[in-house]
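Novice: Starting from these lines, generate the structure:
(one chain, ligands or ions: 3)
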Amino acid sequence: MLILPGLIDAHVHLRVPGGEHKEDFISGSSAALAGGFTTLLAMPNTNPPLVTVENWRNTQSQAEAQALCDVHHFAGGSEAHLDQLPELAKNAVGLKLYLDATFGPLRLQDPAAIEKCLELWPASKPICLHAELDSLRAGIELAERHQKHIHVCHVARKEEVEMIAKAQDRGINVTAEVTAHHLFLTEGDTQRLGPYGDMRPRLQSQQDQDALWQHLGTTIEVIASDHAPHAKFEKEGFESQKAFLIAEKPLEEEQKRPIPPGIPGLESTLPLMLTAVAENRLSLETLIKLLHDNPKRLFNLPEQPETWVEVDETAKYIFPDHPLYTKCGWSPFAGLRMTGSVSRVVLRGKEVYKNGIINYSKEN
Ligand code: DOR
Ligand code: ZN
Ligand code: ZN
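Specialist: Residues are numbered from 1 along each chain as shown. Ligands and ions are numbered 1, 2, ... in the order given. So this is what the prediction gives:
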């Protein structure tokens, strides 16, 4: 048996408010514990998004009341609510800026507004970027000019990781994160997976993936899941639901939404990384840095005393079609051979997970 610290997932979407049919604080934090995570950093692209102090506070207090592990929320940058940033900066774990298109209402396109976000946000807390290629280049330039800490979410391409490495060499305060799916899946899997392999950034080439592994633990300091659950009926397209809709009635606008990008990852990230350790692709020491020490330091997270994760590093199994706790009920890793599973999680002295079962009591 192996003992790990309570792991930190620095990038998850828990869908509260507005998307609770995809995930909520109870299901999301249960999935976290089953996956060895005791701290989650949650993204602001909710509905409504966490761009005002009021929305941020409501969501954060709901998390504190309901979640079974620690949840810290990011604030989102939006053109219409720039005035909220100084107050949001006092409590949010960081700022998230969406410079490229993805799921949700938060996309920043006005260069003046982006500039303003950089100006208003304190240097002591990271500004996380959803940015690819050209917008990443622009983001790095902003970090340099404003002397702020930019954390690049889910880096997916060779060109991007090399761009970041160069910026780091020049002393720019840029850190980077990679997802387990970009480390384990490539564009070669997209046809097999269909909508279940669609996310932003998209899966890339083998050459891109090789570069991510090469920079893992150096240029790239954090592994995060980018847990982005969507219901099966949304992935299949609302057309697939026609049979359930009132006969003959045309689809409502709401039901014609495009298939949302994003895949769940809370319950598969650690098993995948443990598999990499078993296959000597990664050391256990680096795994702990990427999933605990580095995110703790970069996001200035509090200690969790008497907290640990017990792992059976020899367990061999096939990843199930349905992960145990995420509400979405599917995984792009279904059917994959894995080595290493979580057997028990203790959070602040209390057993919160054992052999597949969550302890739902909030009291000790
Ligand atoms: O694929 C993605 N899904 N990428 C993102 O950046 C957002 C996420 C979501 O919220 O579903
Ligand atoms: Zn993103
Ligand atoms: Zn994300």
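
Novice: So what's the residue count around whatever residue of the stretch 201-350 of the chain ends up closest to ligand 1?
Specialist: Here the stretch 201-350 of the chain gets closest to ligand 1 at one residue, Gly262, 2.9 Å apart by CB to the nearest ligand atom. For every residue, glycine as well, the C-beta is placed using N, CA and C. Gly262 is flanked by 21 other residues according to other CB atoms under 10 Å.

Novice: how about His13, what does it touch?
Specialist: Listed by CB atoms under 8 Å, 6 or more residues apart in numbering, the contact set of His13 reads 23, 42-43, 45, 226-229, 262.

Novice: Quick one: these as TSV, columns for pLDDT too.
Specialist: Shown next, in TSV, are the contacts of His13 (pLDDT from 0 to 100):
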residue	pLDDT
Glu23	98
Ala42	98
Met43	98
Asn45	96
Asp226	98
His227	98
Ala228	98
Pro229	98
Gly262	97
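
Novice: for stretch 230-240, the distance to its chain's centre please.
Specialist: Stretch 230-240 sits 21 Å away from the centroid of its parent chain (CA atoms, centre = their mean, to the nearest Å).

Novice: show me where the stretch 51-200 of the chain has strands.
Specialist: In the stretch 51-200 of the chain, strands defined by DSSP state E, counting those that start in this stretch lie at 70-73, 75-76, 95-98, 127-130, 150-152, 174-179, listed in chain order.

Novice: what's the next secondary structure element after the helix or strand of the chain with the lowest mean pLDDT?
Specialist: Lowest mean confidence among the helices and strands of the chain (mean pLDDT, DSSP states H and E): helix 232-235, at a mean of 92. The helix or strand immediately downstream of helix 232-235 is helix 269-278, counting by DSSP states H and E.

Novice: tell me the angle that following helix makes with strand 174-179.
Specialist: Orientation of helix 269-278 against strand 174-179 (axes from the mean of the first three to the mean of the last three CA atoms, to 10 degrees) gives an angle of 90 degrees.

Novice: What's the first helix or strand after helix 269-278?
Specialist: Helices and strands here follow DSSP H and E; after helix 269-278, the next one along the chain is helix 284-288.

Novice: List the buried residues in that following helix.
Specialist: For helix 284-288, a neighbour-count test (16 or more other CB atoms under 10 Å) marks 286-287 as buried.

Novice: just stretch 163-174 next, same as before
Specialist: Going by neighbour count (16+ other CB under 10 Å), the buried part of stretch 163-174 is 163-165, 167-168, 172-174.

Novice: again, but for stretch 356-364
Specialist: Buried, per 16+ other CB under 10 Å, within stretch 356-364: Ile358.

Novice: Restrict it to CA atoms and write it as CSV.
Specialist: The C-alpha coordinates for stretch 356-364 follow below in CSV (Å, rounded to 0.1, in the frame of the first residue of the first chain):
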residue,chain,number,x,y,z
GLY,A,356,-15.9,2.5,-3.3
ILE,A,357,-18.1,3.9,-0.5
ILE,A,358,-18.3,7.6,0.4
ASN,A,359,-19.0,8.6,4.0
TYR,A,360,-21.6,11.3,3.5
SER,A,361,-21.8,12.6,7.1
LYS,A,362,-20.5,16.1,7.3
GLU,A,363,-19.9,15.9,11.0
ASN,A,364,-17.1,14.0,12.7
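
Novice: ok, residues contacting it?
Specialist: Outside stretch 356-364, the residues touching it (CB under 8 Å, 6+ apart) are 26, 30, 33-34, 68, 324-325, 349-353.

Novice: at 10 Å instead, please
Specialist: Residues outside stretch 356-364 that contact it (CB atoms under 10 Å, 6 or more residues apart in numbering) are 26-27, 29-31, 33-34, 65-68, 324-325, 341-343, 345, 347-353.

Novice: quick one on the thing from earlier: looking at the strands of the stretch 51-200 of the chain, which one is packed in the most?
Specialist: Stretch with highest mean neighbour count among the strands of the stretch 51-200 of the chain: strand 75-76 (a mean of 30; mean count of other CB atoms under 10 Å).

Novice: for the residue in the stretch 151-300 of the chain that ligand 2 sits nearest to, what are its contacts?
Specialist: The stretch 151-300 of the chain approaches ligand 2 most closely through Cys153 (5.0 Å), counting by CB to the ion. Contact partners of Cys153, counting by CB under 10 Å, 6+ apart, are 10-11, 43, 96-98, 128-131, 176-179, 201, 222, 224, 226.

Novice: burial measure for the closest residue to Gly197 other than its chain neighbours, as a count.
Specialist: Spatially, and ignoring its direct neighbours in sequence, Gly197 is nearest to Thr190 (4.9 Å; CB to CB, 6 or more residues apart in numbering). Residues lying near Thr190 (other CB under 10 Å) number 15.

Novice: Tell me if I'm right that Thr190 and Asp198 touch.
Specialist: Yes: taking contacts as CB atoms under 10 Å, Thr190 lies within contact range of Asp198: 7.4 Å.

Novice: quick revisit: any chance of the buried residues of stretch 163-174 in a markdown table with distance to Ile3 as columns?
Specialist: Formatted as a markdown table, the buried residues of stretch 163-174 follow (distance: CB to CB, whole Å):
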| residue | distance to Ile3 |
| --- | --- |
| Met163 | 37 |
| Ile164 | 32 |
| Ala165 | 33 |
| Ala167 | 36 |
| Gln168 | 32 |
| Ile172 | 37 |
| Asn173 | 33 |
| Val174 | 33 |
